[in-house]
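>>> A structural model of the following input is requested.
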Amino acid sequence: MKSKACNIIDIESVILSAEECTVIFPKPEDYISEKLQAIVKKHSVSREADLTDEAVLGDIAVLRLVSPLTKFNRPSVTVNVGKNFFSLDVEQAVLGMKLNEVRKIQIDNTDVEITLIKLTRREVPEISDKMIVDEEISGIDTVEKYRNYIFNHDLYEATFRYLYFGAYKKIVDAMLSEAEFHIDSEELEAYIQDELGKIKKSAEKDPEKYGKFLQGYIGRTSANSLDEMMAFIEKDFPIEDLEKQFKTAAVIEFRNKLLVAAFFEKEAIIFTPEYYQTAIAEYAVMTGTDRDKMEEQLPYERFIQFGESEFTRKIFYYLFTQKRIVKEAN
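You can find the predicted model right below:
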């Protein structure tokens, strides 16, 4: 490969503040409630509002917007009322509207006409044992068992998601900014087209998801927090805007892959059985898991397929072993 990252810095040399190294571990009850709510939402029932219903927080509204402003001149745009993913001004104006009602507001000193053309309301049931059974989790068939499972297993795993946009992302961003890159234009273009091809292939069965897949790809490189990424994915962007942003995101991903390859070369990391034994022992320490059990959960054949994720583990292991992460569960 002609493209390469050179003169990369060590993970340990990145200067991090106390705030960047601190993860506020979610309160167990809050996190458990969040996980239960995610299951309940799968069983929610949507109904189309009638002429007497007024839009409330949480409704899904389809609007027609008329305005000289490009963003607010749309024959049809779907908003989740109250989420502030599209426009807080528009969503606040929608509250209390009925089907076919028209309202006018001003945004940036410009008139925006809003027509409510469809309203969907989601009715959420109470959590039940049957919902848990439907999740098909081995040995888990009641709400109480699922609550215990989350507390004893899943809650720890959540720290990795919180960490990603904290100290981990700061380390990667610093390593990317300090490295020197020799980029072969043909290799880069081939990579961009390959990534776009994967997205198009994933959306073959459901073309409407093409935009969401693009947003997910872009969000990984453009967002500075998990909440920001989720908000980006939920927004309604024109496809042409997303495709323009995709190339920038793919260039960042390409540089990231070159960084990982250079790190492996510098650290002489080769996925041999001997290296696997060392890494699996580190995994066990980091996750508080018995080493033999970890090896059973992650056999060598699966481990060698991880590739770039080993770079992620190296950063997490460094942070945990240096006690630079403070976890709070109160």
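
>>> Please, which helix or strand holds Ile252?
According to DSSP states H and E, Ile252 maps onto helix 239-266.

>>> what is the rounded mean pLDDT of that helix?
Mean pLDDT, helix 239-266: 92.

>>> what's the next helix or strand after that helix in contact with?
Next helix or strand after helix 239-266 toward the C-terminus (DSSP H and E): helix 273-287. Residues outside helix 273-287 that contact it (C-beta atoms under 8 Å, 6 or more residues apart in numbering): 156, 269, 289-291, 293-295, 298, 300, 303-304, 310, 313, 316-317, 320-321. Every C-beta, even on glycine, is put in place using the N, C-alpha and C of the backbone.

>>> Just the buried positions in helix 273-287, please.
Tyr276, Ala279, Ile280, Glu282, Tyr283, Ala284, Met286, Thr287 (16 or more other C-beta atoms under 10 Å).

>>> same deal with stretch 304-317?
Applying 16+ other C-beta under 10 Å to stretch 304-317 flags Glu310, Phe311, Thr312, Lys314, Ile315, Phe316, Tyr317 as buried.

>>> which one of those residues sits closest to Pro238?
Thr312 (32.8 Å; C-beta to C-beta).

>>> and the gap between the residue nearest to that closest one when sequence neighbours are not counted and Ile11?
Of all residues not flanking Thr312 in the chain, Tyr168 sits nearest, at 7.2 Å (C-beta to C-beta, 6 or more residues apart in numbering). When distance is defined by C-beta to C-beta, to the nearest Å, Tyr168 is 10 Å away from Ile11.

>>> overlap in contacts of those two?
Ile315.

>>> I'd like the average pLDDT over stretch 308-325.
The model assigns stretch 308-325 a mean pLDDT of 76.

>>> quick one: it to chain centroid distance?
20 Å (C-alpha atoms, centre = their mean, to the nearest Å).

>>> got the CA positions of that stretch in PDB?
What follows is stretch 308-325, C-alpha atoms only, in PDB (Å, rounded to 0.1, in the frame of the first residue of the first chain):
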ATOM      1  CA  GLU A 308      -8.500  -2.600  14.000                       C
ATOM      2  CA  SER A 309     -10.600  -3.100  17.200                       C
ATOM      3  CA  GLU A 310      -7.400  -4.200  18.900                       C
ATOM      4  CA  PHE A 311      -6.200  -0.600  18.600                       C
ATOM      5  CA  THR A 312      -9.300   0.500  20.600                       C
ATOM      6  CA  ARG A 313      -8.600  -2.200  23.300                       C
ATOM      7  CA  LYS A 314      -5.100  -0.900  23.600                       C
ATOM      8  CA  ILE A 315      -6.300   2.600  24.400                       C
ATOM      9  CA  PHE A 316      -8.900   1.400  26.900                       C
ATOM     10  CA  TYR A 317      -6.500  -0.900  28.600                       C
ATOM     11  CA  TYR A 318      -4.000   1.900  29.000                       C
ATOM     12  CA  LEU A 319      -6.600   4.200  30.500                       C
ATOM     13  CA  PHE A 320      -7.900   1.600  32.900                       C
ATOM     14  CA  THR A 321      -4.500   0.300  34.100                       C
ATOM     15  CA  GLN A 322      -3.200   3.900  34.600                       C
ATOM     16  CA  LYS A 323      -6.300   4.600  36.700                       C
ATOM     17  CA  ARG A 324      -7.000   7.600  34.600                       C
ATOM     18  CA  ILE A 325     -10.700   6.800  34.400                       C
END
